[in-house]
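Enquirer: Here is the input, now give the coordinates:
(2 chains)
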Amino acid sequence: MYLTGEEEKMYQGEYGETIKKSMEILVALGDIYQAERLVNITSAQVSGVSYKTIGDAGLEYLEDLARDTQARTRVASTLNPAGVDLEKWEELGFSPEFTTQQHRIVEAYGKMDVMTTCTCTPYLIGNVPLKGSHIAWSESSAVAYANSILGAMSNREGGPGALAAAICGKTACYGYHLPENRKSDLVVELECEIQGTDYGALGYLVGQTVKEGKPYFKLKNRPLNDNLKGLGAALASSGAVALYHIEGITPEYKDALPEEADDTLFVDRNNLEEVKEKLSTTSLKPDLVCLGCPHASLEEIRKVAEILKGKKLKNDLWLCTSINMKTAADRMGYTKIIEQSGGRLVFDTCMVVAPIEELDYEVIGVDSAKAANYVPSMCGLEVVFDEIENLLDLD
Amino acid sequence: MQVFKCRVISRGKARGKIIHSSQPLSFLGGVDPDTGKIMDINHPLQGEIIKNKILVIPGGKGSTVGSYVIFQMYKNNTAPRAIICLEAEPIIATGAIMAGIPMVDHIRPEVMDILAQALEVEVDGDNGEIKVFNH
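Expert: Presented below is the predicted three-dimensional model:
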């Protein structure tokens, strides 16, 4: 792989061990994927944060890196969700042992100047790359959003690779960084209008079908931003979709249609309802409802507050979001409404990365197809996938 | 002594005894980081120890958390001394670099057969060479 003079110096260790090691990771990945060169990035988003996922090994690796005073990110960098709400962990029932290790991980990232917001929706809190800019993101749902909705260019980076990219301000130029690799390979045509959990069900269905493909959607109605957040998350979890296009909506759709687009997948109401049934593992009522996968926008928080206003919840509710949205929701009064009904705004974490199997819940209710896909396998709990209104058990 | 050219994935030099398999290996769930023992019941090397050996495998598979497992093994002194693959993939490659374990790939399939029979090898991740010793 070609390196510039400056990159060669970084690779040979002239700027210290951490930059050397980070360049080695980027060059090795570049060689494996046959990249010809590195490309400068403007933004990074780093996964590998939850102690549940990376354990003591990850913690030690990050603390080792953070000791090097030259190990600082060179571009705007944000962090994926952690395993606990870093402030209200005790109220939520998480152990002090887990939380202590979790704090150490987040502090190590903070020392390297990765913004310690811990969210899977960096694009809602100001990490918003421009169309055509090269970035290195690792949270799969955020990669799908950045590529598809923002038109930025990112591969699905692994956690250590994204951190290496943030520290060097570069990533290997292959895959989605090359315009010729951004065209669709399958048309998905909707035969009905869709709303709410339909988007997640659609993403789950299509992700399973296309695997790493790049679907081109023809929708019958215009989606909202929040709908696309859920669609992309589902596409990226049941498959490995990193880029999709929607006719008339997303920024690259005009150049995305392949010349021979004879392969069309038609999706009707029955197909969506079938997927929804499959995603629920039980018909019992959820004892914990987990919303905010990916992390809730302020608009989504407002809608939940409207449903709950003046009512009492019989089941527990976690509405997962970033600390930025939580702060805005506090000021808007939404947090108070949700708490008065017995629910909670949870930040820094979510149902997928938190050790909720350690708490006393059996059935988790979710409105996210991604969460429905992961909760049974990662937490070993039963899951109900349904609309928010049906999940919340109100007095 | 025979010398074979290869591609460098992670720099550094190491010499040791070979442990070889024609099956890919997942480090997450497949290897015990406390002992270096292969735990995957479906793997031909199940029960074998890779600690301080030169690990020769076609490639890796499984979760990206596998990179951290390799780093954990390095911290626990249970890691292999070097890794040789037919075709490196990102999980083991990243883990080897994180842990500072020499790693090379792109050897010819017939070299794989020679390695399977070899007693001791040296992986030279600085010059892209594998040296095979048969006594």
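Enquirer: quick one: contacts for the closest residue to chain B within chain A?
Expert: Nearest residue of chain A to chain B (CB to the nearest CB) works out as A:A57 at 3.2 Å. C-beta coordinates here come from the backbone N, C-alpha and C atoms, glycine included. Contact analysis of A:A57 by CB atoms under 8 Å, 6 or more residues apart in numbering or on different chains lists B:P33, B:Y68, B:V69, B:F71, B:Q72, B:K75.
Enquirer: For chain B, which segments count as helices?
Expert: B:66-75, B:90-99, B:109-117 (DSSP state H).
Enquirer: what's in contact with the second one?
Expert: Around helix B:90-99, the neighbours that count as contacts under CB under 8 Å, 6+ apart are A:21, A:24-25, A:28-29, A:32, A:61, A:158, A:160-161, B:9-10, B:25, B:27, B:59-64, B:66-71, B:73-74, B:79, B:83, B:85, B:101-103.
Enquirer: how many neighbours does residue 78 have?
Expert: Picked chain A for this. By the other CB atoms under 10 Å in any protein chain shown criterion, the neighbourhood of A:T78 contains 28 residues.
Enquirer: Chain B, not that one
Expert: B:T78: 19 neighbours (other CB under 10 Å).
Enquirer: Now do it against B:A14, distance only.
Expert: Look at B:T78 and B:A14: by CB to CB, to the nearest Å, they are 15 Å apart.
Enquirer: Hmm, B:Q23 and B:P44 touching each other?
Expert: Yes - if you go by CB atoms under 8 Å, B:P44 and B:Q23 touch, sitting 5.6 Å apart.
Enquirer: Could you check the pLDDT of residue 129?
Expert: Answering for chain A, as no chain was given. A:P129 carries a pLDDT score of 97 in this model.
Enquirer: Please refer instead to chain B.
Expert: pLDDT recorded at B:E129 is 97.
Enquirer: For it, which non-adjacent residue is closest in space?
Expert: B:V3 (5.6 Å; CB to CB, 6 or more residues apart in numbering or on different chains).
Enquirer: Next: B:N52.
Expert: B:R81 (5.7 Å).
Enquirer: what's the answer for A:L219, then?
Expert: Nearest to A:L219 is A:L190, by CB to CB, 6+ apart, at 5.2 Å.
Enquirer: Dihedrals phi and psi, A:Y216?
Expert: phi -120, psi 110 (degrees, to the nearest 10).
Enquirer: Pull the contacting residues for residue 116.
Expert: Went with chain A since none was named. A:L79, A:V106, A:E107, A:Y109, A:G110.
Enquirer: right idea, wrong chain: chain B
Expert: B:I18, B:H20, B:S22, B:V56.
Enquirer: again, only using 6 Å
Expert: Contact analysis of B:A116 by CB atoms under 6 Å, 6 or more residues apart in numbering or on different chains lists B:H20.
Enquirer: middle-most residue in chain B, spatially?
Expert: Central residue of chain B (CA atoms, centre = their mean): B:I83, 2.4 Å from the mean position.
Enquirer: what number of residues lie near the residue nearest to that one when sequence neighbours are not counted?
Expert: Residue nearest to B:I83 in three dimensions, not counting chain neighbours: B:M103, with 4.3 Å by CB to CB, 6+ apart. For B:M103, the neighbour count with other CB under 10 Å is 29.
Enquirer: and B:M103, bridged to which residues?
Expert: B:M103 has these beta-bridge partners by DSSP bridges: B:S10, B:I83.
Enquirer: Next, the contact list for it, please.
Expert: B:I9, B:S10, B:I83, B:A96.
Enquirer: Let me see the contact set for the closest residue to chain A within chain B.
Expert: Scanning chain B for the residue nearest chain A gives B:Q72, at 3.2 Å (criterion: CB to the nearest CB). By CB under 6 Å, 6+ apart, the residues touching B:Q72 are A:A57, B:P33.
Enquirer: From A:S138, how far off is it?
Expert: Taking CB to CB, one finds B:Q72 at 20 Å from A:S138.
Enquirer: Please apply the same query to A:A305.
Expert: A:A305 is 32 Å from A:S138, by CB to CB.
Enquirer: neighbour-wise, which of those two wins?
Expert: A:S138 (25 against 22).
Enquirer: Run through chain A and note the low-pLDDT ranges.
Expert: The model of chain A has pLDDT under 70 over residues A:261-262.
Enquirer: Could you chop it up by domain?
Expert: Per automatic domain parsing, the structural domains of chain A span A:5-179, A:183-277, A:280-391.
Enquirer: could you check whether the last one is close to chain B?
Expert: This means domain A:280-391. No - Domain A:280-391 stays clear of chain B (CB under 6 Å from any CB of the partner chain), getting no nearer than 11.3 Å.
Enquirer: how long is that domain end to end?
Expert: Domain A:280-391 has an end-to-end distance of 12 Å (CA to CA, to the nearest Å).
Enquirer: Surely B:I130 touches B:V3?
Expert: No - B:I130 lies out of contact with B:V3 (CB atoms under 6 Å); the separation is 7.2 Å.
Enquirer: And for residue 132, the neighbour number?
Expert: In the absence of a named chain, this looks at chain A. 12.
Enquirer: actually chain B
Expert: Neighbours of B:V132 (other CB under 10 Å): 18.
Enquirer: I'd say it and B:A118 touch.
Expert: Yes - assessed by CB under 6 Å, B:V132 is found in contact with B:A118 at 4.7 Å.
Enquirer: which residues do the two both contact?
Expert: Counting by CB under 6 Å, 6+ apart, nothing touches both B:V132 and B:A118.
Enquirer: Show me the strands in chain B, by range?
Expert: Counting by DSSP state E, one finds strands in chain B at the ranges B:2-5, B:7-10, B:13-20, B:31-32, B:37-38, B:54-57, B:82-85, B:103-105, B:120-124, B:129-133.
Enquirer: for these, which one ends up most surrounded?
Expert: Of the strands of chain B, the one with the most neighbours on average (mean count of other CB atoms under 10 Å in any protein chain shown) is strand B:82-85, at a mean of 28.
Enquirer: now for that one, which elements pack on it?
Expert: Counting by 3 or more CB pairs under 6 Å, 6 or more residues apart in numbering or on different chains; DSSP states H and E, the packing neighbours recorded for strand B:82-85 are strand B:54-57, strand B:103-105.
Enquirer: helix or strand for A:S184, which one?
Expert: Counting by DSSP states H and E, there is no helix or strand that carries A:S184.
Enquirer: what's the burial count for it?
Expert: Neighbourhood size, A:S184 [other CB under 10 Å]: 23.
Enquirer: and it, backbone torsions?
Expert: Torsion angles, degrees, to the nearest 10, at A:S184: phi -70, psi 160.
Enquirer: thought it was touching A:K254?
Expert: No - assessed by CB under 6 Å, A:S184 is found out of contact with A:K254, at 11.5 Å.
Enquirer: any chance you could map the strands in the stretch 51-200 of chain A?
Expert: A:76-79, A:135-137, A:170-172, A:186-190 (DSSP state E, counting those that start in this stretch).
Enquirer: Can you tell me what sits against stretch A:179-190?
Expert: With contact meaning CB under 6 Å, 6+ apart, stretch A:179-190 is reached by A:175, A:206, A:210, A:213-220, A:245, A:256, A:258, A:261, A:263-267.
Enquirer: Name the residues of that stretch that come out as buried.
Expert: Judged by neighbour count using 16 or more other CB atoms under 10 Å in any protein chain shown, the buried positions of stretch A:179-190 are A:R182, A:K183, A:S184, A:L186, A:V187, A:V188, A:L190.
Enquirer: which two in those residues are spaced the farthest apart?
Expert: A:R182 and A:L190 (22.2 Å; CB to CB).
Enquirer: Run through the residues of chain B sitting next to chain A.
Expert: B:9, B:64, B:67-68, B:71-72, B:75, B:88, B:90, B:93-94, B:97-98.
Enquirer: coming back round to it: bridged to the residue nearest to B:E129, which residues?
Expert: Here B:V3 sits in beta bridges with B:K131, as judged by DSSP bridges.
Enquirer: pretty sure it is touching B:K131, no?
Expert: Yes - with contacts counted by CB under 6 Å, B:V3 reaches B:K131, the gap being 5.3 Å.
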